[in-house]
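Participant: okay, structure incoming, though there's no sequence with it:
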């Protein structure tokens, strides 16, 4: 490809009398011990600037992640023309510039000539005026006016005028010449040329040639090859260059053009990470640092274990996630997670995480998702942080996704990524699964940045939900958005039933008594009502305590017997939006226990901490009623875990399930449905659950066990990735116990 306004990087180019200089080093700066040099030496037009912008962006991102790779331009352009190129933000910053077809060597840091090197490369140069005067007699030779030339003379010349007399005249001047693209004729100093300049620069910098990768696309780049360096001839190269460079394992010949071809070679050499056909974007990693090292999630269920299972079985997938690093943290420690998973971290400071997650996600977006817009708190500054973190995820994914890759985003935490990623990588297929509810249009409109979010979500290829209700509300929110709307899928997530069954049977029919819960004394056998949920106003924990108090007032026979056990781990430190809920909950628990407790019995057993999953299963097995009262919920997997555990050991506990939980769509025909917005209904439904005849309890649990099915969450994940790609698995019969719908 010709470089505009220069001697060109032309098609069908022919080089003659090219000389490779091995000039002695001057002013050498050796590589640091233990840090071997890695140097990319690349032509510009047709090579580094070749391919589409998405390819160039991918290469730029890879080099930005690896500043240890030194970039050198080797171009026919002059310095002023290179400066124009550098205005493009997708062009990596060069440490050195070999310009003027090797007659100039420029320090890329301050764009000043490397005087010593340049002097030696131009030794014997008679000067432009003398060259032009000596060649004026050749009528077919037209000087390239308007092109800044330094240390060379560049002409236009038709092939018929390239004669022995002309080349002899150049050699009589003590110069060398280069002809390319059947048009460009360059007269150079005898020691100049891209290859000679590179050899001199490498000697000066103490770069071993086996640490250098040269990249080109035309015969003008031929002198770069054969120096002992690694090479790449990009996919759009002139056939003449491919023919002129001998077959060699050190010379890569990818099919991809321009920047994509360079990136392929860098990946093959292991200088940069490879790209992935599937990239999962989720703000939380599958492991968390702890006192004993990196710890996996306690439960085998939920999105973290599901994604872990998917990626463990798929070496072609990458998980892009956040890592919160304090000011003294060592980024290298991120590599010690020992999960066997390809994790790629977006590094955030604690302040960035607080603004992004604790504030924007939990105080602005979460109330809208939970249909509680009155709780919404909007701070423009924290929203800027939310946007910035989403932009960093988009850039990160854009740099790691292979051409045409599938990108699977998760949840509202990355709502702006689709809109930011689509212009960067229009080749990608982008899907987002909502594990939370999706609000109705009037609630969504309460979000001050609703237009920005709506515009971003409209750039998805696919959006997934647990229920048809949430999917329909998504469609209504996006109605009227310009362009084609995303395809929508309904995929209710299930649980790893085999794992739960095995664990439940191993734990036996043991009951979790006061010794395990921290209660002071075991009490006479009585009904145990259990809730397992994180601290969140959306789970209605205070309403449950109020209902227990009301039930005790109504049913004196339950006093001294009924136990409500609330396993309620707190959110991560720093989330203050739940503080009022925690204070109200703890105050009301204390009041109810004081009012109704007697002897060693208290009606509410409060466990405000996380438990190992084995202990959670013990609680499931001990419970007579499992009580889910979410004001809104995407799915609620604890309800399904309870069913699987009880069924595994032949128990017949009752599930009381909120009408507003996603699981109600799947399990509502066999559960007892309750409305947490109605205090009276909470009491009535709980009372009914405690008085169901044994036969009805058994029949309901058997039906619930059939409804949850036995599809592994990994199958759910595989179906969704196929749906994002537009595959047929979206129409498959049944994912996680319910048909997968392509809507």
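Facilitator: The structure has been received and is ready for your questions. This is a predicted model, so every value here is computed, not measured.

Participant: what sits against residue 529?
Facilitator: 548, 562-565, 623-627, 686, 689-690 (Cβ atoms under 8 Å, 6 or more residues apart in numbering). Just so you know, the C-beta spots here come from the backbone N, C-alpha and C atoms, and that holds for glycine as well.

Participant: and what about it, helix, strand or coil?
Facilitator: Following DSSP: H, G, I helix; E, B strand; the rest coil, residue 529 is assigned to strand.

Participant: let me know the pLDDT of it.
Facilitator: Residue 529 is assigned 98 on the pLDDT scale.

Participant: which residues touch residue 153?
Facilitator: Going by Cβ under 8 Å, 6+ apart, residue 153 touches 128, 131-132, 135, 143, 186-187.

Participant: report the two of those separated the most.
Facilitator: Between any two of the contacts of residue 153, the greatest separation by Cβ to Cβ is 13.0 Å, found for 132 and 186.

Participant: higher neighbour count, those two?
Facilitator: Neighbours were counted for residue 132 and for residue 186 using other Cβ atoms under 10 Å; residue 186 has more, 30 against 14.

Participant: strands paired with the host helix or strand of that one, and their directions?
Facilitator: Using DSSP states H and E, residue 186 falls within strand 184-188. With DSSP bridges as the test, strand 184-188 is paired with strand 153-156 (antiparallel), strand 176-180 (antiparallel).

Participant: and it, how far from the chain's centre?
Facilitator: 48 Å (Cα atoms, centre = their mean, to the nearest Å).

Participant: picking that back up, secondary structure added to the contacts of residue 529, as TSV?
Facilitator: Below are the contacts of residue 529 laid out as TSV (three-state DSSP):
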residue	secondary structure
548	helix
562	coil
563	strand
564	strand
565	strand
623	coil
624	coil
625	strand
626	strand
627	strand
686	helix
689	helix
690	helix
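
Participant: who wins for neighbours among the residues you listed?
Facilitator: residue 627 (29 neighbours).

Participant: check contacts around it.
Facilitator: For residue 627, the contact set (Cβ under 8 Å, 6+ apart) comprises 529-531, 544, 564, 656, 686, 689.

Participant: check residue 431 too.
Facilitator: Each residue near residue 431 by Cβ under 8 Å, 6+ apart is listed here: 406-409, 460-464, 720-721, 723-724.

Participant: from those, which land in strands?
Facilitator: Among these, the members found in strands (DSSP state E) are 406-409, 462-464.

Participant: specify which member of those residues is nearest to residue 198.
Facilitator: Nearest to residue 198 among the ones in strands among the contacts of residue 431: residue 407, at 38.4 Å, using Cβ to Cβ.

Participant: so residue 259 sits against residue 54, correct?
Facilitator: No. The criterion here is Cβ atoms under 8 Å, and residue 259 misses it with residue 54 at 9.2 Å.

Participant: the two: which is more packed in?
Facilitator: Neighbours were counted for residue 259 and for residue 54 using other Cβ under 10 Å; residue 259 has more, 29 against 20.

Participant: so which helix or strand takes in that one?
Facilitator: Here residue 259 sits within helix 258-269, counting by DSSP H and E.

Participant: residues in contact with whichever helix or strand comes after that helix?
Facilitator: Using DSSP H and E, the helix or strand that directly follows helix 258-269 along the chain is strand 276-281. Outside strand 276-281, the residues that touch it by Cβ under 8 Å, 6+ apart are 307, 310-311, 314, 316-321, 342, 393, 397, 400-402, 404-410, 414, 417, 721.

Participant: the closest residue to residue 325 other than its chain neighbours: neighbour count?
Facilitator: In this structure, residue 325 finds its nearest non-sequential neighbour in residue 347, 5.5 Å apart by Cβ to Cβ, 6 or more residues apart in numbering. Counted with other Cβ under 10 Å, the neighbours of residue 347 add up to 14.

Participant: correct me, but residue 347 touches residue 320?
Facilitator: No. Counting by Cβ under 8 Å, residue 347 does not reach residue 320; the two are 11.6 Å apart.

Participant: quick one on the thing from earlier: and the pLDDT at the residue nearest to residue 325?
Facilitator: 92.

Participant: so where's the stretch 251-400 of the chain uncertain?
Facilitator: 289-300, 313, 328-338 (pLDDT under 70).

Participant: show me where it has helices.
Facilitator: With DSSP state H, counting those that start in this stretch applied, the stretch 251-400 of the chain shows helices at 258-269, 303-312, 350-353, 366-369, 380-400, listed in chain order.

Participant: in JSON lines: those, plus distance to residue 713.
Facilitator: Formatted as JSON lines, the helices of the stretch 251-400 of the chain follow (distance: least, Cβ to Cβ, whole Å):
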{"stretch": "helix 258-269", "distance to residue 713": "32"}
{"stretch": "helix 303-312", "distance to residue 713": "4"}
{"stretch": "helix 350-353", "distance to residue 713": "27"}
{"stretch": "helix 366-369", "distance to residue 713": "22"}
{"stretch": "helix 380-400", "distance to residue 713": "23"}
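
Participant: closest to residue 635 out of the ones you listed?
Facilitator: Checking the helices of the stretch 251-400 of the chain against residue 635 by Cβ to Cβ gives helix 303-312 as the closest, at 10.0 Å.

Participant: what angle do that closest one and strand 276-281 make?
Facilitator: Calculated by axes from the mean of the first three to the mean of the last three Cα atoms, to 10 degrees, helix 303-312 forms an angle of 170 degrees with strand 276-281.

Participant: buried stuff in helix 303-312?
Facilitator: If you call a residue buried by 16 or more other Cβ atoms under 10 Å, then helix 303-312 has these buried ones: 303-311.

Participant: and what of stretch 207-215?
Facilitator: Under the neighbour-count criterion of 16+ other Cβ under 10 Å, stretch 207-215 has 207, 209, 211-215 buried.

Participant: tell me which residue is most central in the protein.
Facilitator: The chain has residue 320 as the residue nearest its centroid, 3.3 Å off, counting by Cα atoms, centre = their mean.

Participant: is it true that it touches residue 346?
Facilitator: Yes. Between residue 320 and residue 346 there is a contact under Cβ under 8 Å: 6.5 Å.
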